[in-house]
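J.: with the input below, show me the fold.
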Amino acid sequence: MFRRLWLRLVSSVVWRLPGRPARLLASFAQAERGSSYDMLEAAERTEDPKLRIKYLRHSLDEARHARLFRNRAMALNPDRASAALMDANYLSSHGIIRSESLFERFGETRFLAFVYDAESRGLEQFQMYCDLKLPDPDTIDTLKRIIKDERFHRSYSGAELQRRSQKGQKSDVQQAMRAQYWSNPWEAWLRFGRVLGSVMGRFWLWLLYVLLVGFFRPFAKLESQGWHSNPSKRVSIDDARQQS
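T.: This is a model prediction of the structure:
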C-alpha cells in the first residue's frame, strides 16, 4: 500500500517536470536493454529446455521494449533523450550490467525470484502511469503494449517458482524470495547514492566556480590593446627541413 501511494505521488510530480519524461523513458530503454542481455545469458546457461525457450522469448521482448521506449523518448525530446541513449557507459555506471550476469551471480532459483519480483514491480509501475494518464496518450499506448508482455514474464517465472516448491525445493524458493525482498532497499539506497553524488558534485563545482572566479574577477582587466597579431618570420620548406 505504501509503495503504491508513494509511486502515485512521485509519478504525479516527476512526469510533469520539463524535459523529465524523455529522460525517464530513455532510462527505461536502457534498463530494458540491459535486461535483454541478462535473459539471453540465462537462455544460454540454463539446463531446462522449456525455460530456455521462455528466457529467449523474454530476451526478445525486452529488446523490443527498449526500442519502443527509445522511440518515445526521442519523439518527446531528442536532445535530452539522446544524451542518455548514446552514453556508452550508462549500463555499467548505473549498475544495469556488471562484470558477471545475474544468472551467474544468483543461480537459477534466485534468478527466477529476481525476474518475478522485477516484473511484478514493473507491471505495477507501468499500470500506475496508465491509470494517471502520464505522460501523454502515445506513451500510454506504448505502455499498454508492454504491459501484456510483463504479465507473461511474471506468470512464467512465478509458475516455475511454484513448480520448484512442489518438487521439494520449497526452502530454496523461500530463501530466494527473502533474499530478493531484502535486496530491494539496498538497491534503492545505491540508486539514491548515485543521484545524490551527482547532485552534490554539481553543487560543489558550481560553488567552487563562484567563489574562485567571483573573488578574482574584480582584479582582472583586459589588455589595453586587446587582441593583436604576433608577426613572425615566414618559414620556407627549406628552413623546415633544416630543423629536422
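
J.: would you map the helices across this structure?
T.: For the chain, applying DSSP state H gives helices covering 2-14, 20-45, 49-76, 78-85, 90-93, 102-106, 108-132, 137-164, 170-216, 237-243.

J.: which of those sits most buried?
T.: Highest mean neighbour count of those: helix 20-45, a mean of 21 (counted as mean count of other C-beta atoms under 10 Å). All C-beta atoms are positioned from the backbone trio N, CA, C, and that covers glycine.

J.: angle of that one against helix 2-14?
T.: 130 degrees (axes from the mean of the first three to the mean of the last three C-alpha atoms, to 10 degrees).

J.: helices or strands up against helix 20-45?
T.: helix 49-76, helix 78-85, helix 90-93, helix 102-106, helix 108-132 (3 or more C-beta pairs under 8 Å, 6 or more residues apart in numbering; DSSP states H and E).

J.: now with 10 Å, please.
T.: The helices and strands touching helix 20-45, judged by 3 or more C-beta pairs under 10 Å, 6 or more residues apart in numbering; DSSP states H and E, are helix 2-14, helix 49-76, helix 78-85, helix 90-93, helix 102-106, helix 108-132, helix 137-164.

J.: I'd like the ones you listed laid out as CSV, including distance to A26 and mean pLDDT.
T.: Converted to CSV, the helices and strands packed on helix 20-45 look like this (distance: least, C-beta to C-beta, whole Å; pLDDT from 0 to 100):
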stretch, distance to A26, mean pLDDT
helix 2-14, 14, 84
helix 49-76, 4, 95
helix 78-85, 4, 64
helix 90-93, 9, 62
helix 102-106, 22, 92
helix 108-132, 15, 95
helix 137-164, 12, 96
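
J.: with distance to L25 added, can I get those helices in JSON lines?
T.: Listed next are those as JSON lines, based on distance: least, C-beta to C-beta, whole Å:
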{"stretch": "helix 2-14", "distance to L25": "12"}
{"stretch": "helix 49-76", "distance to L25": "4"}
{"stretch": "helix 78-85", "distance to L25": "7"}
{"stretch": "helix 90-93", "distance to L25": "14"}
{"stretch": "helix 102-106", "distance to L25": "23"}
{"stretch": "helix 108-132", "distance to L25": "11"}
{"stretch": "helix 137-164", "distance to L25": "7"}
